[in-house]
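Q: Turn this into a model:
(one chain, ligands or ions: 3)
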Amino acid sequence: MENYDLVIRNGVTATHKESVKQDIGIRGGKIVTLGEIEEKGTREIDAEGLLVLPGGIDAHCHIEQKSSSGIMTADDFYSGSVSAAFGGTTTLLPFAAQHRGQSLRQVVDEYMACAKPKSVIDYGFHLIISDASDAIIGQELPAMIEDGITSFKIYMTYDDLKLDDYEILNVLAAARREQAMVMIHAENHDVIRWITEKLLEQGKGAPKYHAVAHARIAEREATHRAISLAELLDTPMLVVHVSSEAALNEIRRAQKRGLKIYGETCPQYLFLTIDDLDKDGMDGAMFCCSPPPRDTASQEAIWEGLIDGSFTVFSSDHAPYRYDGSGKLAAGPEPTFDKIANGVPGLEIRMPLLFSEGVGKGRMDIHRFVELTATNAAKTYGLYPRKGTIAIGSDADIALWDAQKEVKITAENIHDNMDYTPYEGRIAKGWPTTVISRGRIVIENEELKVERGSGQYLKRERPEAAKPTGRLVPEIDPKTNFDAKFI
Ligand code: DUC
Ligand code: ZN
Ligand code: ZN
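A: Residues are numbered from 1 along each chain as shown. Ligands and ions are numbered 1, 2, ... in the order given. Next up is the predicted model:
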């Protein structure tokens, strides 16, 4: 006789692989039984007519993070985690961002101290590495990876963050040795800088010129270069926030050649365009993010990449800066585009908008939706099968999803700490009604049911996805992918 803390009955469970009508028995925060359950649980939920999905994993978000120019995100770990949970997400992987001169341990300790008393759902961290000195890469980074922070992001642009190709090679070599996942922001710094200078010389400082300065060619070139560096050292790598078909095609080509190159895209590249930046006054600032939204043809190309499997994960890239002097207008009431904080919010709408426009409109099936919003992130970042699926032994992280529920997205009804949403007025059909994290009911009847700080830190495994292919040998010897005739 089993004793269940919670039994979910009569729902259709959908994982990345299959849909099954079954009951779910939960005990001690874990899924312990799948199938027909006769015994009563301490708590019971009737999920008749609902989809029972793995809770989402948002693997790219900026929470309680200071940008390199010193601007604080609007969300802390409380408002950010609450907002994510209302949208069906049960795990967050935000960044612990190193500013040059900081030790990685100090950075992680600071972010842990912020998250622990506030997050209502489970969380881990990716590092951002802006200082690729020997001490950081050779000693500190391996220690952090050993401690379960098994992924990190590097940048090819931004004065205070960018690494040059030599530094990137050092970082990739370390990631390969340690089997950590490298995430890369791929935009050509000097191309952006050059166009920006020319635009500003011509007095073109309005928000819409942000999208001109961050040209697609800058993204394509940097994506190609990043992939080349990863190929040289046979190091798996994930290209974050891909906005354009040209960059996506670089990823596709690499994948066709058998390289472990992964891609991520985000709601802003499906649902916004350059026209959103072209608003009266400064209003376009609300849509400034990097890379910027492109055009409707790009949106279709990004959809195709999600459908055909070229993209591995769909993340929010939630980077919330309010439309006031604390955020977008921190440099003054009418800053030129290069002084506007980059980023848009999206934690809460990530899954509902993809469900509504993807599954609801017949572009993708529910299994692909689950894969993109949960399972693949778990696999890519060392959390699978604990997170990202509904299976015996997995954490009971579950979103009960009403495919018919329609919600109009407005700044007021989104639970983050923002004063706008870029998706104001859109209706998304398909929302979670009950959200469960480790068997705890987090959201029910439109209400938060757990205490702040009840989320747990996740020490992650080294991801299988970060294992080198083994088909190339990065040491300099005649059997390698180096031109070795004279070695
Ligand atoms: N990169 C991100 O990942 N998020 C916001 C802005 C940026 O440049
Ligand atoms: Zn980035
Ligand atoms: Zn980001």
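
Q: which residues of the stretch 101-250 of the chain fall in helices?
A: Under the criterion DSSP state H, counting those that start in this stretch, the stretch 101-250 of the chain carries helices at the ranges 104-115, 134-135, 141-146, 165-178, 189-201, 209-213, 216-232, 245-256.

Q: For those helices, give me TSV that also has mean pLDDT.
A: What follows is these, written out as TSV (pLDDT from 0 to 100):
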stretch	mean pLDDT
helix 104-115	97
helix 134-135	95
helix 141-146	97
helix 165-178	97
helix 189-201	98
helix 209-213	98
helix 216-232	97
helix 245-256	98
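
Q: could you redo those helices as TSV and give each row mean neighbour count and distance to residue 315?
A: Quick note: C-beta positions are derived from backbone N, CA and C, even for glycine. Formatted as TSV, the helices of the stretch 101-250 of the chain follow (neighbours: other Cβ atoms under 10 Å; distance: least, Cβ to Cβ, whole Å):
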stretch	mean neighbour count	distance to residue 315
helix 104-115	17	18
helix 134-135	9	31
helix 141-146	18	21
helix 165-178	18	19
helix 189-201	15	22
helix 209-213	23	21
helix 216-232	21	17
helix 245-256	20	15
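
Q: Just tell me which of those ends up closest to residue 332.
A: Closest to residue 332 of the helices of the stretch 101-250 of the chain is helix 189-201 (Cβ to Cβ; 14.8 Å).

Q: could you check whether the closest one is close to ligand 1?
A: No: using Cβ under 6 Å from any ligand atom, helix 189-201 never reaches ligand 1; the gap is at least 10.6 Å.

Q: what packs against that helix?
A: In this structure, helix 189-201 makes packing contacts with helix 209-213, helix 216-232, judged by 3 or more Cβ pairs under 8 Å, 6 or more residues apart in numbering; DSSP states H and E.

Q: Can you say which of the helices of the stretch 101-250 of the chain is nearest to residue 412?
A: Closest to residue 412 of the helices of the stretch 101-250 of the chain, according to Cβ to Cβ: helix 104-115, at 26.2 Å.

Q: Show me what that closest one packs onto, helices and strands only.
A: Looks like helix 104-115 contacts strand 89-97, strand 126-128, helix 141-146 (3+ Cβ pairs under 8 Å, 6+ apart).

Q: list the buried ones in the shortest one?
A: Put plainly, it is strand 126-128. Within strand 126-128, the residues that qualify as buried are 126, 127, 128, counting by 16 or more other Cβ atoms under 10 Å.

Q: what's the closest of those to residue 436?
A: For the buried residues of strand 126-128, the residue nearest residue 436 by Cβ to Cβ is residue 126; the value is 25.0 Å.

Q: Tally up the residues packed near the spatially closest residue to the closest one that is not a sequence neighbour, please.
A: In space, and not counting its chain neighbours, residue 126 is closest to residue 151: 4.7 Å by Cβ to Cβ, 6 or more residues apart in numbering. Counted with other Cβ atoms under 10 Å, residues neighbouring residue 151 total 26.

Q: re the thing from before, among the helices and strands packed on helix 189-201, which is nearest residue 8?
A: Using Cβ to Cβ, the nearest of the helices and strands packed on helix 189-201 to residue 8 is helix 216-232, at 41.9 Å.

Q: and the residue of the stretch 151-300 of the chain found nearest ligand 1, what are its phi and psi?
A: Residue of the stretch 151-300 of the chain nearest ligand 1, by Cβ to the nearest ligand atom: residue 290 (3.7 Å). When read as degrees, to the nearest 10, the backbone of residue 290 gives phi -130, psi 130.

Q: Would you agree it is in contact with residue 341?
A: No: the criterion here is Cβ atoms under 8 Å, and residue 290 misses it with residue 341 at 10.3 Å.

Q: neighbour-wise, which of these two wins?
A: Counting neighbours by other Cβ under 10 Å for residue 290 and for residue 341 shows that residue 341 has the greater number, 24 against 21.

Q: ok, the more buried one - contacts?
A: 67, 69, 71, 288, 319, 321, 327, 328, 330 (Cβ atoms under 8 Å, 6 or more residues apart in numbering).

Q: In CSV, list these along with secondary structure.
A: Formatted as CSV, those follow (DSSP: H, G, I helix; E, B strand; the rest coil):
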residue, secondary structure
67, coil
69, coil
71, coil
288, coil
319, coil
321, coil
327, coil
328, coil
330, coil
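
Q: Now do the same contact list for the residue in the stretch 1-150 of the chain that ligand 1 sits nearest to.
A: Ligand 1 sits closest to residue 62 of the stretch 1-150 of the chain, with a gap of 6.0 Å, by Cβ to the nearest ligand atom. For residue 62, the contacting residues are 73, 94, 95, 97, 317, 318, 319, 320, 343, by Cβ under 8 Å, 6+ apart.

Q: would JSON lines of those residues with pLDDT, neighbour count and distance to residue 174 be doable?
A: Shown next, in JSON lines, are the contacts of residue 62 (pLDDT from 0 to 100; neighbours: other Cβ atoms under 10 Å; distance: Cβ to Cβ, whole Å):
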{"residue": "73", "pLDDT": "98", "neighbour count": "28", "distance to residue 174": "28"}
{"residue": "94", "pLDDT": "98", "neighbour count": "29", "distance to residue 174": "22"}
{"residue": "95", "pLDDT": "98", "neighbour count": "21", "distance to residue 174": "18"}
{"residue": "97", "pLDDT": "97", "neighbour count": "22", "distance to residue 174": "18"}
{"residue": "317", "pLDDT": "98", "neighbour count": "26", "distance to residue 174": "25"}
{"residue": "318", "pLDDT": "98", "neighbour count": "30", "distance to residue 174": "28"}
{"residue": "319", "pLDDT": "98", "neighbour count": "27", "distance to residue 174": "26"}
{"residue": "320", "pLDDT": "98", "neighbour count": "29", "distance to residue 174": "31"}
{"residue": "343", "pLDDT": "97", "neighbour count": "24", "distance to residue 174": "28"}
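
Q: measure residue 402 to ligand 1 for me?
A: Distance of residue 402 to ligand 1, computed by Cβ to the nearest ligand atom, to the nearest Å: 31 Å.

Q: ok, and that residue, which helix or strand is that part of?
A: According to DSSP states H and E, residue 402 maps onto strand 398-408.

Q: What residues does the stretch 301-450 of the chain have near ligand 1?
A: 317, 319, 342, 343.

Q: now the stretch 51-200 of the chain
A: Counting by Cβ under 6 Å from any ligand atom, the positions of the stretch 51-200 of the chain adjacent to ligand 1 are residue 185.

Q: remind me which residues of this structure are low pLDDT?
A: Counting by pLDDT under 70, the chain contains low-confidence ranges at 1-2, 478, 484-487.
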